[in-house]
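**Student:** predicted structure and sequence below. I'll ask about it afterward.
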Amino acid sequence: MDFALSEEQNLLAESLRRFLRDDCPVTRIRELVAETPGSDGGTWAELCDLGLGGLLIPEQHGGSGLTLLDAAIAAESLAWGVAPGPFLGSAVMAPIALGAAGGDDQSKRLLPQLSAGSLRVAVAASELCGRRGDVGVEVVDDKLHGRVSMAIDGIGADLLLVPVDSSESLALVETSADGVERTDLRTIDRTRGFADFAFDGAAVGEWVGQRGGCSAAIARMMDAGRVVLAADILGASERAIEMAVDYSKQREQFGRPIGSFQAVKHLCAEMVAELEPARSLVWYAAHAFDAVPEEASLMALHAKSLLSEIGPFIVRTATEVHGGIGFTDELNLHYWFKRVGVDRQLLGTPTTLRDAAAEAQGWI
Amino acid sequence: MDLSFGPEYEAFRREVRDFCARHSAEAPRAEVGMAGGRPSEALKKWQALLIEHGYAARQVPVEYGGYGAEPDILKSVIIAEELNQAGLSRGIGGQGPQMLVPTLLEQGNEAQKREWVGPTIRGDVVWCQGYSEPNAGSDLASVQTRGVEDGDDFLITGQKIWTTTAQASDMMFALIRTEPDASKHAGLSYILLSMDSPGIDVRPLNTMTGEAEFNEVFFTDVRVPKTNVVGRRGDGWTIANTTLKHERNMLASSALLDGSLRKLLALMQEQTIDGLRAIESPVLRDRLVALQSRVLALKYHDLRMLTARARNEFPGVSALVTKLAGCEVSHQLNALAIDAMGELGVLYEKSPGVRSSGQWQNQFMFTLGLIIGGGTAQIQKNIISERGLGMPREPKPGNPTK
């Protein structure tokens, strides 16, 4: 019985955080993303050199064949540094979908490029959970018609995964193909790039595996995405707490550090009391994805919905601990606030996910 | 990350499971186990059988009446899981076996261990804890009950409060101010005293639940031999903290939360509101799933803390949050059950129409007591922020004459 991270996992977190602190601090990220959301200025290539692109990709396809827990640890560290880059789409959701349903040929061709960071695959998940408005894609004579919104890592993507046929099939569409129109979006969080795509008779390009028969792969892709988003919230929240606690020890008012006031101490205690049990749930959800598959979906729903509740509480409380300076652009704390704000809404809001959890357990 | 226990532990689990199957008829039913706060004869017999097999008092050395196994937290967990699974009593619990015995083994002298450990784990001697006082709650170190030297004895005068099972206890372990000239924390001694001593008056303390879960204990010149001091005179604060460490381990248990959650789900599947089952209400259901997330988080948090203990590591701030987080979830589970019952949720005691004997209201109030007891939520937050996050302590009040 060993419910803890391995030495390798702790080293992965340490080395990623060191890299982000020394080579890609938030002051640099600000400049990178000033023009284009999610623009990483070569950081993603450097992270792929560290192995981040291929964490979940089998060794025979150029990756390191690790588990979702390793990916969650990486996501946590990336969010700790509000790192830009297409980790969720290109390193988690696309490799999981391709690994689960893609044929040998397809995997051999695409996975090494994903691992190296030379290929970026966006994911159009807006139809899969909590579909809004007029989103929807139809396939007529192998051509796509319709639109998707908020495609994850959509800005700068080479390929786009589009679920069609009532989530039975996954089309892999070239974003530069005729009949594809990309509209870049601006969210509150500039560290990741989202885009809408409209299709007007665009070629499917290729199917992931066979047309039809992708529903299990899509479910795995969503589970993995949710766990990694929960880990993202975990890392961002952890950093927000660190910043709040450090600041409270330095900032003096009424002749003493504000951290000596119980009002401030209790805010900080509440943040960690929320975060630490939630961390344990994220670890388990990630572990279950590989080791306890029958629990994987439910745990992913719980992890994502719980972290989506406590994350916003933590980043808002950390902002309050800072007082006025926390509200300024200059302090940069809002990068973490906004990262969590976006994470919460992606792949299902908490109420949507809890509804799905009740249904998964046969309660309704 | 490996949640399997491995062959050695699985073999141990089979052994415990076989024991449960063979002896289930001998286990006392839960409701007759503790009669009026004292273990029944049947429970004492069961306890003796558990000790003989190493399933109770497992780490207590043989010379003091225990089983004498090496500490192995995983085996302790397996024993608890298997006995729970089989619906069998885990033996005699309470403040004697769970708090005093580990404290004595760590801090007591040879004579004290020989005199008290055996009878306590066998259930022959029942203990209560004398820490809190009317003016020493969160500020526990300010206890005023004093022990005045009189030859080889102390004469103890004062008052304790929040004393669980005082009326049923033979003995008390108490914090007494024996060194009036020493500083606040250095003036206390940890003293064992007989509840039969002349000068002790126990009065039940009714709480908001309508039951007397606690007592007040009054002392007037109660004579206690100096040899009943555990550790050195004036070291009481340190020794009491040893006990409190064991109390905190006792209070946090996610298995209980899981049990409450299951009962709550059953209730929500059965209770109807306007003809619809409570579970079919999207709002109530959402609250249930949100609480399930938290119960699961605490379950895996327990595994994380267990791993740290098995490795002899101190897990830092993550270990300090369990009481705060767990008690709140427990309170909220009961709150949801009451809402799921609508206006009938207020029925209590032996009222006609009462659900589950009024247990949900009773536990809703009792868990508020748990949020306060054993260090209030606010004291927990001080501990988390000061010890866990290294935040500065509140400065001592300045001299008001300045």
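**Tutor:** Happy to help now that I have it.

**Student:** got any ranges where chain A has weak pLDDT?
**Tutor:** Judged against pLDDT under 70, chain A has no low-scoring part.

**Student:** no, scratch that, I was asking about chain B
**Tutor:** B:30-35, B:245-252, B:398-402.

**Student:** walk me through the domains of it.
**Tutor:** B:7-92, B:127-243, B:252-388 (automatic domain parsing).

**Student:** would you map the helices across chain A?
**Tutor:** With helices called from DSSP state H, chain A shows them at A:7-23, A:26-32, A:43-49, A:68-80, A:94-101, A:104-116, A:215-250, A:262-291, A:293-322, A:333-345, A:350-360.

**Student:** among those, which is the most enclosed?
**Tutor:** When the helices of chain A are scored by mean count of other CB atoms under 10 Å in any protein chain shown, the highest mean neighbour count falls to helix A:68-80 (a mean of 27). All C-beta atoms are positioned from the backbone trio N, CA, C, and that covers glycine.

**Student:** what's the angle between that one and helix A:333-345?
**Tutor:** 140 degrees (axes from the mean of the first three to the mean of the last three CA atoms, to 10 degrees).

**Student:** packing partners for helix A:68-80?
**Tutor:** helix A:7-23, helix A:215-250, helix A:262-291, helix A:333-345 (3 or more CB pairs under 8 Å, 6 or more residues apart in numbering or on different chains; DSSP states H and E).

**Student:** for that helix, output the C-alpha coordinates as CSV.
**Tutor:** Extracted in CSV, the C-alpha atoms of helix A:68-80 (Å, rounded to 0.1, in the frame of the first residue of the first chain):
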residue,chain,number,x,y,z
LEU,A,68,-2.2,9.8,-16.4
LEU,A,69,-0.9,10.4,-12.9
ASP,A,70,2.4,11.5,-14.4
ALA,A,71,0.5,13.7,-16.8
ALA,A,72,-1.5,15.2,-13.9
ILE,A,73,1.7,15.9,-12.0
ALA,A,74,3.0,17.7,-15.1
ALA,A,75,-0.3,19.6,-15.5
GLU,A,76,-0.1,20.7,-11.9
SER,A,77,3.4,22.1,-12.4
LEU,A,78,2.5,23.8,-15.7
ALA,A,79,-0.4,25.6,-14.0
TRP,A,80,1.9,26.4,-11.1
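
**Student:** rewinding a little: tabulate the domains of chain B (JSON lines), appending distance to chain A and mean neighbour count.
**Tutor:** Below are the domains of chain B laid out as JSON lines (distance: least, CB to the nearest CB, whole Å; neighbours: other CB atoms under 10 Å in any protein chain shown):
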{"stretch": "domain B:7-92", "distance to chain A": "6", "mean neighbour count": "17"}
{"stretch": "domain B:127-243", "distance to chain A": "12", "mean neighbour count": "18"}
{"stretch": "domain B:252-388", "distance to chain A": "4", "mean neighbour count": "18"}
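
**Student:** for B:A325, find the nearest of the helices and strands packed on helix A:68-80.
**Tutor:** helix A:262-291 (5.2 Å; CB to CB).

**Student:** roughly how far is that closest one from the heart of the chain?
**Tutor:** Centre-to-centre, helix A:262-291 and its host chain are 18 Å apart (CA atoms, centre = their mean, to the nearest Å).

**Student:** now that helix and helix A:7-23, what's the angle there?
**Tutor:** 130 degrees.

**Student:** packing partners of helix A:262-291?
**Tutor:** Applying 3+ CB pairs under 8 Å, 6+ apart, one finds that helix A:262-291 contacts helix A:68-80, helix A:215-250, helix A:293-322, helix B:282-310, helix B:317-320, helix B:322-340, helix B:377-383.

**Student:** what's the closest of those to B:A11?
**Tutor:** helix B:282-310 (17.6 Å).

**Student:** give the other helices and strands that that closest one contacts.
**Tutor:** Looks like helix B:282-310 contacts helix A:262-291, helix A:293-322, helix A:350-360, helix B:73-85, helix B:254-270, helix B:317-320, helix B:322-340 (3+ CB pairs under 8 Å, 6+ apart).

**Student:** remind me, longest strand of chain B?
**Tutor:** As assigned by DSSP state E, the longest strand anywhere in chain B is strand B:214-225.

**Student:** so for B:S132, which of the helices of chain A sits nearest?
**Tutor:** Closest approach to B:S132 among those (CB to CB): helix A:262-291, 21.0 Å.

**Student:** what angle sits between the closest one and helix A:215-250?
**Tutor:** Note on geometry: by the same axes, to 10 degrees, helix A:262-291 and helix A:215-250 are set 160 degrees apart in direction.

**Student:** list the residues that contact the closest residue to A:G212 other than its chain neighbours.
**Tutor:** Setting aside the residues directly before and after it, A:G212 is nearest to A:E168 in space (CB to CB, 6 or more residues apart in numbering or on different chains), at 5.0 Å. Contact partners of A:E168, counting by CB atoms under 8 Å, 6 or more residues apart in numbering or on different chains, are A:212-215.
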